[in-house]
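>>> kindly return the folded structure for what I paste below:
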Amino acid sequence: MRPTRSLLLSGLLIVAASFGSVCAQRRERVPPPRDPQFYAPRNSLEEFEARVDTVLIKGRTYVASLRAQNGTARVEATEIRDTRNQSRITGVVITIVTPVQAAADNEVRSLIDYEEIDALIRAFDTIAKTDESVTKLTHFEARYRTKGDFEILVFKQVAGGVAAAVEGGFFDRSRLLLTLDDFTKLRWMIAQAKERLDEIK
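Here you go, the predicted structure:
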């Protein structure tokens, strides 16, 4: 009896020890990388675009394109309607295309909800006035980012002078380099897109 009990006890201890090591390994595993197709929407336009099991009606009006130093930015007014519950959302789509992306037939789109547009336009106005007086250090940078990761910035270049840029994307970001005049034109294009949306309210 005793040898059988000790053998049984030894077997249970081995199973328990191996189970504990498996559990420990599971806790220490690094989680798998997140699939770009499955991420939490960051604003209402992204939430609408991610809906399933319903018919979505999308409308767009092209406003203008801006040709910059290293690519282009296209601005469109957009509307999405969900036929299941008759809900509706509007906003602006800004598409950035750089030469590298164009070769790969890839564009970076940023979706901006209608409610975010006024704050973005005000940020354009504030950032455009930025100069060396904002800091006592050698270089400066002023930036603003929307919920959908569209970013605008004005900065002092290392070689001297002030320049601007816009960035878009979440997993793969793209930066478009602009002059201050281009920066002002892009602000005007976004304001024009808002006017188009106001016309269809």
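>>> now do the contacts for the closest residue to residue 162 other than its chain neighbours.
Spatially, and ignoring its direct neighbours in sequence, residue 162 is nearest to residue 156 (5.7 Å; C-beta to C-beta, 6 or more residues apart in numbering). Placement of C-beta: from N, CA and C, glycine included. Going by C-beta atoms under 8 Å, 6 or more residues apart in numbering, residue 156 touches 132, 138, 139, 140, 141, 162, 163.
>>> quick check, the fourth one in contact with residue 127.
In other words, residue 140. No. Using C-beta atoms under 8 Å as the test, residue 140 is too far from residue 127 to be in contact (10.8 Å).
>>> so between those two, which is more surrounded?
Each of residue 140 and residue 127 has its neighbours counted (other C-beta atoms under 10 Å); residue 127 has more, 19 against 16.
>>> which of the three states applies to the more buried one?
What DSSP: H, G, I helix; E, B strand; the rest coil gives for residue 127 is helix.
>>> pull the contacting residues for it.
142, 143, 144, 152, 153, 154, 164.
>>> you'd agree the last one is in a strand?
Yes. Judged by three-state DSSP, residue 164 forms part of a strand.
>>> which residues touch the closest residue to it other than its chain neighbours?
Among residues not flanking residue 164 along the chain, residue 183 sits closest, at 3.9 Å (C-beta to C-beta, 6+ apart). By C-beta under 8 Å, 6+ apart, the contact set of residue 183 is 124, 128, 152, 154, 164.
>>> in the helix or strand residue 183 falls within, what counts as buried?
Following DSSP states H and E, one finds residue 183 within helix 180-199. Buried residues in helix 180-199, counted by 16 or more other C-beta atoms under 10 Å: 182, 183, 185, 186, 187, 189, 190, 191, 193, 194, 196, 197.
>>> Throw the contacts of residue 183 into a markdown table and include distance to residue 107, thanks.
Output for these, formatted as a markdown table (distance: C-beta to C-beta, whole Å):
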| residue | distance to residue 107 |
| --- | --- |
| 124 | 22 |
| 128 | 26 |
| 152 | 18 |
| 154 | 24 |
| 164 | 21 |
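>>> ok, residue 55 - contacts?
By C-beta under 8 Å, 6+ apart, the neighbours of residue 55 are 82, 83, 84.
>>> so which of the residues you listed wins on neighbours?
Within these, residue 82 tops the neighbour count with 15 neighbours, counted by other C-beta under 10 Å.
>>> could you find the closest non-adjacent residue to that one?
residue 54 (5.5 Å).
>>> I'd say the one you found and residue 84 touch.
Yes. Between residue 54 and residue 84 there is a contact at 4.1 Å, judged by C-beta under 8 Å.
>>> in the protein, where is pLDDT below threshold?
Applying pLDDT under 70 to the chain flags residues 1-39, 101-106.
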